[in-house]
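Novice: show me how the following folds:
(2 chains)
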Amino acid sequence: MSRPDVVVTGLGATTPLGGDVASTWDAMLAGRSGVSALTQEWAEQLPVRIAAQLAVEPSEVLDRVRLRRLDRSEAIALVAAQQAWADAGLAGSGLDGERLAVSVGSGIGGATTLLAQDDILEASGPRRVSPHTIPMLMPNGPAAWVGLELGAKAGVHSVASACATGAEAIALGLDIIRSGRADVVVAGGTEAVIHPLPIAGFSSMRAMSTRNDDPERASRPWDQGRDGFVLGEGAGILVLERAEHAAARGARVYARLAGSGITSDAYDMVQPHAEGEGAIRAIAKAIADADIAKQDIVHVNAHATSTPVGDMLEIGALHKALGDHPVLAATKSMTGHLLGAAGALESIATILAIRDGVVPPTINLDDPDPGLTLEVAAHKARHMEIPAALNNAFGFGGHNVALVFARP
Amino acid sequence: MTRDEITTGLAEILEEVAGVNPDDVAEGKSFTDDLDVDSLSMVEVVVAAEEKFGVKIPDNEVQNLKTVGDAVSYIAAQS
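Specialist: Numbers count the residues shown, from 1 in each chain, chains lettered A, B, ... in the order given. The predicted structure follows:
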């Protein structure tokens, strides 16, 4: 039996740029930054006092009682999943739950719940700790809530590969449909850890931008003035579907998820391989898996987080594995780095770039690094035919994931 | 504290914790069957009730508190 094609039939997101996919995409194409100053009192003592916070609070979408038992990462995963489900035309469709799986991960998980409940434990004792604490902080929480909400009975999976999580969750969804285990997989990532401890931790690694006085210009991938990533929060969810299943129900198809490549560096916990060896292999595997000519992959939504080392290694890897023809975008210049949700949100941007024939802008690229030897749509979106495109995501731990999307 | 006052206090807790409409709270109502309070929310209700009414409700008593009236009687006897 030949391998089934897998298509994307639904998208959902809540991000620093908007409360849904349409508003997020419009803001991206307009080159708007979602980064702002942290005005919370707890931020005053931190070396980093900027972040890309959600444009729409989950409390504007979900009711108060429901939110009491949801970690913020779970709440926004639910918000994005509900949107994607409706967008795919699956709400009320009576889809057989035994043919529906979920693959939704988070890079850090319910850390803010853990910290808040620890404060309660210290201040008021164990009896005051919420009985919802464990389901709120367990790393499979977001996937499990989405599965409960949608009635998924073919398996609920929670990938964790740091900043590659969202992309790897989508790659797992592809594998699940190809294996025949499900017809539909709700896949993506979620992250909500704008809290002093994670910020202090990343900051101690010297991984974050300290451009506190100019938040909108802090995330500047490939620019010579880049000094680290800007933490963002949000969720991105895709509905992946066996192509024949989508066609049979007359579903609108955004794009084909043509292939994936997953590798690990086995090199260092937090430093990428010095020659980008793992990234090169992931990109090459994704292209081979997709069985698409390299010349047709004309756009890359790069991982490009605005760190001094990582940004340039990815350029080298793209030269080696793909060639010198693609036009790049670093949408993190606008959204900040959504960690475990990054690969999912950027997959959505990649899909919409194909659909609309437009490479989103990379803002703040005022003074390109001399090592930037590939084309980037700097400052302004660029309209062009995009038959196929690549999305990269890399994570602490040496995770490399590449996804190839193509016109349906 | 009268039984009505305790019922009103419980209704406030149930609204806060589980989103129960205060108009639905009456002594004859079962927490699980009528008011749809699940086991984790019941734990929250008990802890909040201890705080509000200044009583102790041990875990082995909670299983006997099937209805709002059961809880009112227990709290009235303790306070």
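Novice: SS state for whichever residue of chain A sits closest to chain B?
Specialist: Nearest residue of chain A to chain B (CB to the nearest CB) works out as A:Val65 at 3.4 Å. (C-beta placed from N, C-alpha, C; glycine too.) With DSSP: H, G, I helix; E, B strand; the rest coil as the basis, A:Val65 sits in helix.
Novice: verify the stated contact: it with B:Ala18.
Specialist: Yes. Counting by CB atoms under 8 Å, A:Val65 touches B:Ala18, with 6.2 Å between them.
Novice: and those two? Which one has more around it.
Specialist: B:Ala18 (20 against 14; other CB atoms under 10 Å in any protein chain shown).
Novice: could you pull up the contacting residues of the more buried one?
Specialist: Counting by CB atoms under 8 Å, 6 or more residues apart in numbering or on different chains, B:Ala18 touches A:Val65, B:Leu35, B:Asp36, B:Val37, B:Asp38, B:Ser41, B:Glu44, B:Val45.
Novice: buried ones among these?
Specialist: Applying 16 or more other CB atoms under 10 Å in any protein chain shown to those, the neighbour count classes B:Leu35, B:Val37, B:Ser41, B:Glu44, B:Val45 as buried.
Novice: now do the residue of chain A closest to chain B, the pLDDT please.
Specialist: Looking at A:Val65, its pLDDT reads 94.
Novice: can you get me a residue count around the nearest residue to it once chain neighbours are set aside?
Specialist: Leaving aside its sequence neighbours, A:Val65 sits nearest to B:Gly19 (CB to CB, 6 or more residues apart in numbering or on different chains; 3.4 Å). Applying other CB under 10 Å, we find 16 other residues in the vicinity of B:Gly19.
Novice: pull the residues that contact the helix or strand harbouring B:Val45.
Specialist: If you go by DSSP states H and E, B:Val45 is part of helix B:39-53. Contact with helix B:39-53 is made by A:69, A:127-128, A:130-132, B:1, B:6, B:9-10, B:12-14, B:16-18, B:31-32, B:37, B:55-57, B:62, B:65, B:71, B:75, B:78-79, as judged by CB under 8 Å, 6+ apart.
Novice: surely A:Ala167 is in a strand?
Specialist: No. Under three-state DSSP, A:Ala167 sits outside any strand and is assigned helix.
Novice: just the buried residues of stretch A:357-370, please?
Specialist: Within stretch A:357-370, the residues scored as buried using 16+ other CB under 10 Å are A:Val358, A:Val359, A:Pro360, A:Pro361, A:Thr362, A:Ile363, A:Asn364, A:Leu365, A:Asp369.
Novice: hmm, A:Val193 is touching A:Phe202, no?
Specialist: No. Counting by CB under 8 Å, A:Val193 stays clear of A:Phe202, with 9.4 Å between them.
Novice: who's more crowded, the two?
Specialist: More crowded of A:Val193 and A:Phe202, by other CB under 10 Å: A:Val193, with 26 against 19.
Novice: please enumerate the helices of chain B.
Specialist: Counting by DSSP state H, chain B has helices at residues B:3-18, B:39-53, B:59-62, B:68-78.
Novice: including distance to A:Trp145 and mean pLDDT, could the ones you listed go into CSV?
Specialist: CSV is the format used below for the helices of chain B (distance: least, CB to CB, whole Å; pLDDT from 0 to 100):
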stretch, distance to A:Trp145, mean pLDDT
helix B:3-18, 18, 97
helix B:39-53, 14, 95
helix B:59-62, 26, 92
helix B:68-78, 29, 96
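Novice: out of these, nearest to A:Gly259?
Specialist: Of all the helices of chain B, helix B:39-53 sits nearest to A:Gly259, with 42.6 Å by CB to CB.
Novice: output that closest one as CSV, nothing but the C-alphas.
Specialist: C-alpha atoms of helix B:39-53 as CSV (Å, rounded to 0.1, in the frame of the first residue of the first chain):
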residue,chain,number,x,y,z
SER,B,39,-14.3,15.2,43.2
LEU,B,40,-11.4,17.7,42.9
SER,B,41,-13.8,20.7,43.1
MET,B,42,-15.3,19.1,46.2
VAL,B,43,-11.9,19.2,47.8
GLU,B,44,-11.8,22.9,47.1
VAL,B,45,-15.3,23.4,48.5
VAL,B,46,-14.3,21.7,51.7
VAL,B,47,-11.1,23.7,52.2
ALA,B,48,-12.9,26.9,51.5
ALA,B,49,-15.8,26.0,53.9
GLU,B,50,-13.3,25.3,56.7
GLU,B,51,-11.9,28.7,56.2
LYS,B,52,-15.2,30.5,55.9
PHE,B,53,-17.0,28.8,58.8
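Novice: which parts of that helix count as buried, going by neighbours?
Specialist: Neighbour-count burial for helix B:39-53 [16+ other CB under 10 Å]: B:Leu40, B:Ser41, B:Met42, B:Val43, B:Glu44, B:Val45, B:Val46, B:Val47, B:Ala48, B:Ala49, B:Phe53.
Novice: any stretches of the stretch 151-300 of chain A with poor pLDDT?
Specialist: In the predicted model of the stretch 151-300 of chain A, no residue satisfies pLDDT under 70.
Novice: where along it do the strands fall?
Specialist: A:156-157, A:184-191, A:234-242, A:255-264, A:297-301 (DSSP state E, counting those that start in this stretch).
Novice: and the contacts of the shortest one?
Specialist: Just to be clear, that refers to strand A:156-157. Residues from elsewhere that reach strand A:156-157 (CB under 8 Å, 6+ apart): A:101-105, A:140, A:143-144, A:146-147, A:169, A:172, A:176.
Novice: now, which of those lie within helices?
Specialist: Residues of the contacts of strand A:156-157 located in helices (DSSP H): A:Ala143, A:Ala144, A:Val146, A:Gly147, A:Ala169, A:Leu172, A:Ile176.
Novice: of all those, which two lie farthest apart?
Specialist: Spanning the widest gap among the ones in helices among the contacts of strand A:156-157 are A:Ala144 and A:Ile176, at 16.3 Å by CB to CB.
Novice: between the two, who's got more neighbours?
Specialist: Just comparing A:Ala144 and A:Ile176: by other CB under 10 Å the higher neighbour count belongs to A:Ile176, 23 against 20.
Novice: next one: the more buried one from B:Glu5, what distance?
Specialist: Separation of A:Ile176 from B:Glu5 (CB to CB, to the nearest Å): 56 Å.
Novice: interface residues of chain B facing chain A?
Specialist: Counting by CB under 8 Å from any CB of the partner chain, chain B comes close to chain A at B:Val17, B:Ala18, B:Gly19, B:Leu40, B:Ser41, B:Val43, B:Glu44, B:Val47.
Novice: the spatially closest residue to A:Ala251 that is not a sequence neighbour: what's it in contact with?
Specialist: Leaving aside its sequence neighbours, A:Ala251 sits nearest to A:Thr9 (CB to CB, 6+ apart; 4.5 Å). Contact analysis of A:Thr9 by CB under 8 Å, 6+ apart lists A:Asp87, A:Ala88, A:Gly89, A:Leu90, A:Val239, A:Leu240, A:Glu241, A:Ala246, A:Ala251, A:Arg252, A:Val253, A:Tyr254.
Novice: out of those residues, which are buried?
Specialist: By 16+ other CB under 10 Å, those give A:Asp87, A:Ala88, A:Gly89, A:Leu90, A:Val239, A:Leu240, A:Glu241, A:Ala246, A:Ala251, A:Val253, A:Tyr254 as buried.
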